[in-house]
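Visitor: Got a predicted structure plus its sequence, pasted below:
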Amino acid sequence: MGNNLLKGKKGIIFGALDERSIAWKVALRAKDEGADFVLSNAPVAMRLGAINELAEKTKSEIIPADATSNKDLEELFDRSQEILGGTLDFVLHSIGMSPNVRKKKHYTGLNHDFYHKTLDVSAMSFHRVLQTAMEKDAINEWGSVLALTYIAAQRVFPDYNDMADAKSLLESIARSFGYHYGKKKKVRINTISQSPTPTTAGTGVKGFDNFIDFAESMSPLGNASADDCANYCISLFSDLTRMVTMQNLFHDGGFSYTGVSQEIVEGFNKQ
Ligand SMILES: NC(=O)c1ccc[n+]([C@@H]2O[C@H](COP(=O)([O-])OP(=O)(O)OC[C@H]3O[C@@H](n4cnc5c(N)ncnc54)[C@H](O)[C@@H]3O)[C@@H](O)[C@H]2O)c1
């Protein structure tokens, strides 16, 4: 049972692939809090079909859009406003993909066409979404836009590969666009830097299983789950966080500020 934190609010949620997806959990929570939204994902993701189940559960329509296509995004914003009957209050960008990670290319031996694709899908798409929204004046004053990121944008996690560069760009776009959209329309833009989470995108990273255990033992509160992340997203879409913008917000159980934990040190006990 929700608390009507998003009552009457309308939005677009990108990136629900299956029930493990962070966007999937956000959609369920947003519905619970009284929001109406359109679900969007890449046309190829539609073939899996799971998103239909989410659409039924949340009484939402699905509009396929490749987030690297300005044309698709323009149609998405036009149709979403028709379907929802007005301008929007929130957008979730929960999109990431690296062909270099998929093809197991090492960071020092990247395929640079793939690298372009990583940056386009995982970072520039955020700029495309924001620019499309601004050109169409599709987001209401005090509206809230979120993208999901990872701490590899600031610190080296070797196997995160070219996604680290994509996340750095993504966070920079949130700051730069956040300034302009804030000035123009009081629209807020933030990124949430989430703990490692067992989803399709997450588990694609080499050594993910060991890595999630490492993060768990480094974080005083443990890893933040996808459900926890959904709750945080709801708070940032709500009117309770109206003055938060241009931030990269760590949602990681304290991982980002922990130098080392007792458990990790004990793992090196030589006696
Ligand atoms: N899982 C983690 O450990 C973790 C940690 C921090 C941040 N994140 C970020 O969270 C976000 C969501 O990922 P997730 O973990 O829920 O995994 P996920 O695989 O469920 O979601 C990724 C989504 O991106 C979509 N996508 C890929 N290419 C696209 C395109 N061209 N156009 C539109 N959509 C496209 C996929 O179809 C998929 O729905 C990503 O930005 C990811 O990098 C994930």
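Guide: Perfect, I can see it now. No experiment lies behind these values; they were computed from the predicted model shown.
Visitor: switch to C-alpha atoms for all contacts and neighbour counts from now on
Guide: Will do.
Visitor: Residue 5 touches residue 33, doesn't it?
Guide: Yes. Look at residue 5 against residue 33 with Cα atoms under 8 Å: they come within range, at 5.3 Å.
Visitor: Near the ligand, which residues of the stretch 151-271 of the chain are found?
Guide: 193, 194, 195, 196, 197, 198, 199, 200, 201, 202 (Cα under 6 Å from any ligand atom).
Visitor: Dig out what the second one forms beta bridges with.
Guide: In other words, residue 194. On DSSP bridges, the residues paired with residue 194 through beta bridges are residue 251.
Visitor: got any ranges where this structure has weak pLDDT?
Guide: Along the chain, the model assigns pLDDT under 70 to residues 1, 271.
Visitor: Look up phi and psi at residue 133.
Guide: Backbone torsions of residue 133, given as degrees, to the nearest 10, read phi -60, psi -40.
Visitor: Could you check how far it is from residue 70?
Guide: Distance of residue 133 to residue 70, given as Cα to Cα, to the nearest Å: 11 Å.
Visitor: okay, these two: which has more neighbours?
Guide: In terms of neighbours (other Cα atoms under 10 Å), residue 133 is the more surrounded of residue 133 and residue 70; the figures are 20 against 16.
Visitor: For the more buried one, give me its contacts.
Guide: 77, 139 (Cα atoms under 8 Å, 6 or more residues apart in numbering).
Visitor: Check the one 3 residues further on too.
Guide: Residue 136 sits next to residue 77 when contact means Cα under 8 Å, 6+ apart.
Visitor: Regarding the chain, what is its longest strand?
Guide: For the chain, the longest strand by residue count, based on DSSP state E, is strand 139-149.
Visitor: Packing partners of it?
Guide: strand 88-93, helix 163-185, strand 188-194, helix 226-237 (3 or more Cα pairs under 8 Å, 6 or more residues apart in numbering; DSSP states H and E).
Visitor: Number of residues surrounding residue 114?
Guide: Neighbour tally, residue 114, other Cα under 10 Å: 18.
Visitor: That one reaches residue 97, doesn't it?
Guide: No. At 10.2 Å, residue 114 does not count as touching residue 97 under the criterion of Cα under 8 Å.
Visitor: can you give me the helices in this protein?
Guide: Per DSSP state H, the chain carries helices over the ranges 22-32, 43-46, 50-58, 70-84, 99-102, 112-119, 125-135, 163-185, 200-203, 208-218, 226-237, 262-266.
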